[in-house]
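> How does the following fold in three dimensions:
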Amino acid sequence: MRKKWLVQLVEGTADAAFAVDRVGLIKAWNGPAAELFGLNSDEALGRPCHEILRGTDQATLFCSQHCSIHHALQTNEPKANFDLKLQTTDGLDWCNITIQLVTEPETSERYAVHVIHRLNIHKLIEQLGRLAMAKPGVREPEEAAQLISSTLESRIDVRLTVRETEILRLLASGRGTNDIAEELYISPVTVNNHVQHILNKLDSHSRLEVVVRARELGLI
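Numbers count the residues shown, from 1 in each chain. Below is the predicted model of the structure:
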């Protein structure tokens, strides 16, 4: 049976996203995921995610029925984002995967929401080449990569208020509007206003997406 709240959470995410239960079966699947993997929701739901992703880390198979995501679901331990080569409609592609653990309030059942960004390797190589030419002292790809990272980070100027940061952390813990309002002694309307400001500042379209973005930027 489909969980309406879980489906809405995944479908409200702009990037390719899907959710799996504790045994790795897909329980929600959005449109961008269908485009990325060439499978609609009817074809994906109920299947083990490792059969669809077939992810590898370099030459080593990563996706399996006993992957680290299953362990994270059992222990409720956050999982850092990571890169995998996945089987997409364009063939094998390097993608970045962010995992968000969410809990159903009524049953305490946990799900792992996967948000997937395709990595533009060709663009990165082009950037590396330009940087290497612009910086005579750069001799190794690792040095150029560090320069790219620092350049991108210098362009990120997200300034959240203390209250917005507080609400963002509660969102990341899986709290809903009413729960946040009760804990902070403010109205649900005020919570939603703060959430909208956070979404705008982090250029995100959903609560899940904004949590993923905040973690990528090291804000939480």
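> Let me know the next secondary structure element after the helix or strand bottoming out on mean pLDDT in the chain.
The helix or strand of the chain with the lowest confidence, counting by mean pLDDT, DSSP states H and E, is helix 141-155 at a mean of 49. Downstream of helix 141-155, the first helix or strand assigned by DSSP states H and E is helix 162-172.
> Now the helix or strand harbouring I116: buried residues?
Take DSSP H and E as the rule and I116 turns out to sit in strand 110-118. Under the neighbour-count criterion of 16 or more other C-beta atoms under 10 Å, strand 110-118 has R110, Y111, A112, V113, H114, V115, I116, R118 buried. All C-beta atoms are positioned from the backbone trio N, CA, C, and that covers glycine.
> Measure how buried E77 is and give me the count.
Burial of E77 is recorded as 10 neighbouring residues (other C-beta atoms under 10 Å).
> What values do phi and psi take at it?
Reported as degrees, to the nearest 10, the phi and psi values for E77 are phi -100, psi 130.
> And it, how close does it get to C63?
As judged by C-beta to C-beta, to the nearest Å, E77 and C63 stand 19 Å apart.
> need the strands for the chain, in chain order.
Taking DSSP state E as the criterion, the chain contains strands spanning 16-20, 26-29, 56-57, 60-61, 82-88, 91-103, 110-118.
> The ones you listed: lowest mean pLDDT?
When the strands of the chain are compared on mean pLDDT, strand 60-61 scores lowest, with a mean of 68.
> give the contact list for the closest residue to R207 other than its chain neighbours.
Spatial nearest neighbour of R207, excluding adjacent residues (C-beta to C-beta, 6 or more residues apart in numbering): L171 at 5.5 Å. Residues counted as contacts of L171 (C-beta atoms under 8 Å, 6 or more residues apart in numbering) are I180, V195, I198, R207, V210, V211.
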